[in-house]
Each structure stands twice: as C-alpha cells, then as structure tokens.
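Asker: predicted coordinates and the sequence they were generated for:
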Amino acid sequence: MALVRCQDLKKSFVKGRETVDVLDGINLEIRQGDFLALMGPSGSGKTTLLNLIGGLDHPSGGAVEVGDVPLNAMSPRQLAKWRSENIGFVFQFYNLLPVLSAQRNVELPLLLTRLSARQRKANAATALKIVGLEDRAKHKPGELSGGQQQRVAIARAIVADPALLVCDEPTGDLDRDTADEILSLLEVLNREHGKTIIMVTHDPKAAERAAAVLRMDKGRLAQDAA
Amino acid sequence: MNKIGLLWANLFRSRARTLLTLVSLLVAFLLFILLRTIALVFAGDGFGQASVHRLVVAAKYSIIDSLPISALQQIQAVEGVDAVTHAEWFGGVYQDRANFFPKYPVDPKAYFGLHSELRIEPEQLQAFINTRTGAVAPKALAEKYGWRIGDKIPIQGDIYGKRDGSRDWQFDLVGLYTGLDERTPQIFLMHYDYFDEARDYGEGSTGWFIVRLQDGSRAAEVAQRIDQLFVNSSDPTRTTTEAEQARQFMQQMGDIGLMMNGILGAVFFTILLLTGNTMAQSLRERVPELAVLKTLGFTDAAVSALVLGEAMLLCLLGTALGTALALLVAAAIGPGIAQAIGAFEVRAGTVVAALALSLLLGLAVGAFPAWRARRLSIVDALRKA
C-alpha cells in the first residue's frame, strides 16, 4: 500500500529574472514501512522533494499525496496541523532549541496535542528511552555530543508517533561510528516500530542501510520508481 | 512544559541581555510612577486638606500681586461668607536656601479659627496672639531643625526687607502645631502685625484672603459675588478653591506636568528603541528555531504569538519590578516629599496607567518581530540554518 504518492511533481524557483526548475515532473510511490534513501549530487532536488513530501512547501505543479491526503489543497494552517500529526523531521544539524533540555525539546511537538502535562512528559521520556538517552533528559543540547543531539532530534521526530520520518542528511554532521549508531537507530524504528523513512544522503554507506535507493539528477529521478 | 514555559525559556536565552533590558524597563517604570505622582500633585489634585468649605481670594491677574487688607471687611460682608482671614507669601531663607519651607504672616487668632484642622495648645496660641514677634511652626518642621519653644528663629528676608534697611528678621518661637496627617503643609506662621509694621514696602496689603463658607454647596455662587464686588476696583480678584490656588501657586515654577511628561517621553522613547532592538536581535538569532517550530506543526499565528508574548512578558516583568520598587521608594521618601509639595501618594490609577503603558510598549516592540515571524518561510529559514 502506497503511503506517499507523487504525480508529475514540479517545483520551480524564480531567481532574479530566471526561473529555475528544481523538480521536473517526479513520479514516485513509497510504500508503508519502506526505508528509502534518496541520493544525488547537490542541487539535484533531493531536499526540495523531501520538503514537498513533508508538507513544508507547495509544489509548482503536479500532486503529492501522503496517506491518501492531497497536500496541494491544504491551507498553511491545515498543513501545520497535518505535519504535527503525521510527519517526523530529522535534520542534518539537529535543530534543537538550545534553551530547552533534551526532555523539553522532545516534548515540543506534544504541546500541539491535547495530552496532559503528565502524559506529555511520560511520552517524551518513552521517546528518549527508545533512542537510549533516558539518562540525558535534563541536559541541554550544548551539553550533549553531536550523536546524542541527533538522537534527541530523532526522539522529537517520533514522539507524536507519526507514520513517516523525513530525514535530511541525518548523518551528515557525524563521524563514521556515530553515523552508524544513528543509522542503526533508524533501522530499528523502521523494522520494529513500522516507521516509513525517507532519507536524503550523500553518504553511500548510509544509503546501503536503506531498503531501497533512489537517485536524482537535475530534478528528475534516475527512473520513476515505485 | 507548556507554551508559557517555552516563552519563559526563550526570554532568558541571553540572560545578560534580558537582565539589562529588564533593568532599563525597571528604571523607566520607576520614573514613570514617581514622576506621574508628582505631576498629579502639581495638577492640583493632591491636596488632602483642600475643601470647598473654604475659598481663596487672590489678585485676579497674578497671585504675586497683593490685595489691600481693607478688602477683608468687604469680603466679610458678602452673603454666604462665614469668616475671613488672610495670609501672604513671605519668602525668606532660614540659614540656607536648601532649607525651604513656606512662611506666612497671618492674623493668629483668625487663621487658627478658620483652619480648625490645625491643632495647637490654647496657651501657645494665646502666646502667639500676644507676642508681636511671635511665630509658630509645624511640629515636624521644628523637629527637623531642632527648634524648641523659646528659640529665636532668624530668617533672611529676600522679598521683604525691614524699614531699618536690614534684611534680618527674627521671630520668637512660641508654639508648635500639628495637622490632621503628614500631608499638612509645613508652614511657618508669623504675626502679621509685626510683619506689616516692620516691612520696607507694601504696608496695609496682604497676599490673599481665605474665606470660610456658611454652606459649601454654594461655593461657586459666593466666589462670583466676591469677585463681582471688586470687578471695577483697582484690585480685581479671582476667587477659587484652595486646591486651585495651590495648583496655580506651584505652576509659577513652570508647567510641571509638561516637564514631567517631557522627561517621561524621552525615557520611553529610549526604552522603545532599546527594547525594540533587544527583540529584533533575539528574533534574528532565532530564525532557524522558529522555522523548526513551524516544521513541527506550530502555525504561523502560534509562532507569531510566541514572539509577541515574549515582548509583552519582558515589558510586564520590567513594569512589575519597577512598580514594586516605586512603591517602596514612595513609602520611604513620600512623607518628605509631601511636606515640600503638599502630597505624595502613588495612586492605583497611576499603577494601572503604568500597566497600560507596559502593554502598549510590549505591542509596539513586539508587533514587527511577530509579523516577521509570521511571514517566515520554513524552507528559506532552514536553508540559512
């Protein structure tokens, strides 16, 4: 069953007087439970594709559906709510809030739910336990290593139990060993917790850990994939 | 954690900067409350003993012009007038110009008879009546300068010299009086007869008349009658309430309200720039973080509200601290100031005005950053992260 469906997806940006086509008609289906790596040279459109699937941006043409929900038709407000319930994001530079502890960073997405404060705290603790950082809950990002920060970011991405994890170069800022740990964690989330994962990466070793690899170049997939 | 917790955490992301801004706000609101309190006094709104049961008759065009003492009999005869006395601004310096307190030559018996709120021992009042060089002082003033009954109080005349060419006046302190409360004006009272006989000019005149009414509800009518009496004379009058007279007297120094508002305007303009800069800087540093919040599902409005809320919280905190300190300062120095200017009491309305100003300031400094936060594009902001 396809979780993500992109049909003739296009995205262009205006730079000065020039229009740059970043995505040029992408057709793609990602099944529920997939772990997909998206590779390609810089500027090939990987992150743009990820942003459209994650509901962070609107396409210039075509359609993107996630869980049979057409994202094109949604208002910014609806998209924000949809993201909070359905998508977990993991960034290359973690993007944690430096003023909050690990526990509170993980709790952030739950502020948008109707959960009680106690329940939010409990869920955040569970997410931190899943990523193996229950003993670092009170530490602020500045007191954690890069790998630990990325684990906190992953805990934040899964705390609201979204179906889809969108990861943009999650190991791009980490050394080999730490990157392997993060990739193992993503594998566990995919295999044992049933999360569908789309991961943009430049690292062939990271891509090897995914179940499937798609290559992009000049705004197109090497071959339209399903 | 809740959204308030998030707001609080963000507010103190740069502790030094936030604390410095808070101190600036604290000082601004401390000044606001103290200066507004003084301005309200000068607006003629703070004289506890001002009463519509008494009127003040002064020269029409300026309160520094004098009136003939003979007018007293005419005023006494006006229908609705119960009693009349008179007083005059003597000026004068006791030892040093810094030792300022008002000094009035008065008719002892009539003055105390008309100001029933003033308390003096009968034998001391009698001594005042009987002693031409006699004077009485408020108890608090006597304590301040260490005066005792029997002391000779030297006053250097600045407005009035003596007929013998000297400016050295000397009065025998024969009594001490108290008022209803600490707001009683601290006036040094001397014998008019001695003053009038010894002064170098202006004999037979006085500064103003004080009229006690038979019926306080007819104040306007009686005031009109008195002024009508002198309308075609060489000394036309203007009859007002005591509060209005006090206000006019203090306004001689200048438009105090305008001065206070000018100072406050400059202070708050500076604070607006300072706090605005703090908020703008804080927003610039946090663009990627705000984008992350939006990514996680916070709506544009929610992120905008967080930024605006931060500005409001900062201003309200500064106001709360400034108000608390102002109340402490007012309690400590208020009685002293009240003696000099008649009253000094922070009113609830002033605190409410400070709160309203704080909310306005919060809106003014938070609105633009909040608008920018609302318009922030997630994709662009994350690209810059």
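Answerer: That came in fine, so what should we check first? Treat the numbers as computed from the prediction; the structure is a model and nothing was measured.

Asker: what's stretch B:375-385 in contact with?
Answerer: A:51, A:56-57, A:91, A:93, A:95, B:287-288, B:290-292, B:294-295, B:300, B:303 (C-beta atoms under 8 Å, 6 or more residues apart in numbering or on different chains). For glycine as for every other residue, the C-beta is placed from the backbone atoms N, C-alpha and C.

Asker: could you chop chain B up by domain?
Answerer: B:3-45+B:255-384, B:54-251 (automatic domain parsing).

Asker: related to what we said a few turns ago, max pairwise distance over the contacts of stretch B:375-385: which two?
Answerer: A:93 and B:300 (23.2 Å; C-beta to C-beta).

Asker: just after the helix or strand of chain B with the lowest mean pLDDT, pick out the following helix or strand.
Answerer: The weakest-scoring helix or strand in chain B, judged by mean pLDDT, DSSP states H and E, is helix B:242-251 (a mean of 69). Sequence order places helix B:256-285 as the next helix or strand after helix B:242-251, per DSSP states H and E.

Asker: list the helices and strands that next one packs on?
Answerer: Applying 3 or more C-beta pairs under 8 Å, 6 or more residues apart in numbering or on different chains; DSSP states H and E, one finds that helix B:256-285 makes contact with helix B:15-40, helix B:300-341, helix B:348-375.

Asker: so what secondary structure elements neighbour the shortest one?
Answerer: If you count contacts as 3+ C-beta pairs under 8 Å, 6+ apart, helix B:15-40 packs onto helix B:256-285, helix B:300-341, helix B:348-375.

Asker: in TSV: those helices, plus mean neighbour count, mean pLDDT and distance to residue A:14.
Answerer: Formatted as TSV, these follow (neighbours: other C-beta atoms under 10 Å in any protein chain shown; pLDDT from 0 to 100; distance: least, C-beta to C-beta, whole Å):
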stretch	mean neighbour count	mean pLDDT	distance to residue A:14
helix B:256-285	16	86	25
helix B:300-341	19	89	22
helix B:348-375	18	94	18
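
Asker: looking at those, which is closest to residue A:4?
Answerer: helix B:300-341 (25.0 Å).

Asker: relative orientation of that closest one and helix B:15-40 in degrees?
Answerer: 40 degrees (axes from the mean of the first three to the mean of the last three C-alpha atoms, to 10 degrees).

Asker: what's the burial count for residue B:221?
Answerer: 12 (other C-beta atoms under 10 Å in any protein chain shown).

Asker: who's in contact with it?
Answerer: residue B:80.

Asker: can you name the residues of chain B sitting close to chain A?
Answerer: B:1-3, B:5-6, B:9-10, B:12-13, B:288-289, B:292-301, B:378-379, B:382, B:385 (C-beta under 8 Å from any C-beta of the partner chain).

Asker: now these: which count as buried?
Answerer: With neighbours counted by 16 or more other C-beta atoms under 10 Å in any protein chain shown, these contain buried members at B:1, B:6, B:9-10, B:13, B:288-289, B:292-300, B:378-379, B:382.

Asker: now, these that are in strands?
Answerer: Here DSSP state E is the test, and those give no hits in strands at all.

Asker: in TSV: the helices and strands packed on helix B:256-285, plus distance to residue B:154.
Answerer: Below are the helices and strands packed on helix B:256-285 laid out as TSV (distance: least, C-beta to C-beta, whole Å):
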stretch	distance to residue B:154
helix B:15-40	31
helix B:300-341	21
helix B:348-375	41
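
Asker: so, low pLDDT: which residues of the stretch 101-250 of chain B?
Answerer: Applying pLDDT under 70 to the stretch 101-250 of chain B flags residues B:180-184, B:243, B:246-250.

Asker: for chain A, which residue gets nearest to chain B?
Answerer: Of all residues in chain A, residue A:84 sits closest to chain B, at 2.4 Å by C-beta to the nearest C-beta.

Asker: how long is stretch A:169-184 from one end to the other?
Answerer: When the termini of stretch A:169-184 are compared using C-alpha to C-alpha, to the nearest Å, they are 15 Å apart.

Asker: which parts of it are buried?
Answerer: So, applying 16+ other C-beta under 10 Å, buried residues of stretch A:169-184: A:169, A:170, A:171, A:172, A:173, A:174, A:178, A:179, A:180, A:181, A:182, A:183.

Asker: give the contact list for residue 222.
Answerer: All of this refers to chain A. A:214, A:215, A:216.

Asker: chain B is the one I meant
Answerer: Listed by C-beta under 8 Å, 6+ apart, the contact partners of residue B:222 are B:55, B:78, B:79, B:80, B:81, B:211, B:213, B:239.

Asker: show me those that map onto strands.
Answerer: Those of the contacts of residue B:222 lying in strands (DSSP E): B:55, B:81, B:211, B:213, B:239.

Asker: quickly list what the residue lying closest to the second one once chain neighbours are set aside is bridged to.
Answerer: When the adjacent residues along the chain are set aside, residue B:81 lies closest to residue B:211, with 5.5 Å between them (C-beta to C-beta, 6 or more residues apart in numbering or on different chains). With DSSP bridges as the criterion, residue B:211 is bridged to residue B:55, residue B:84.
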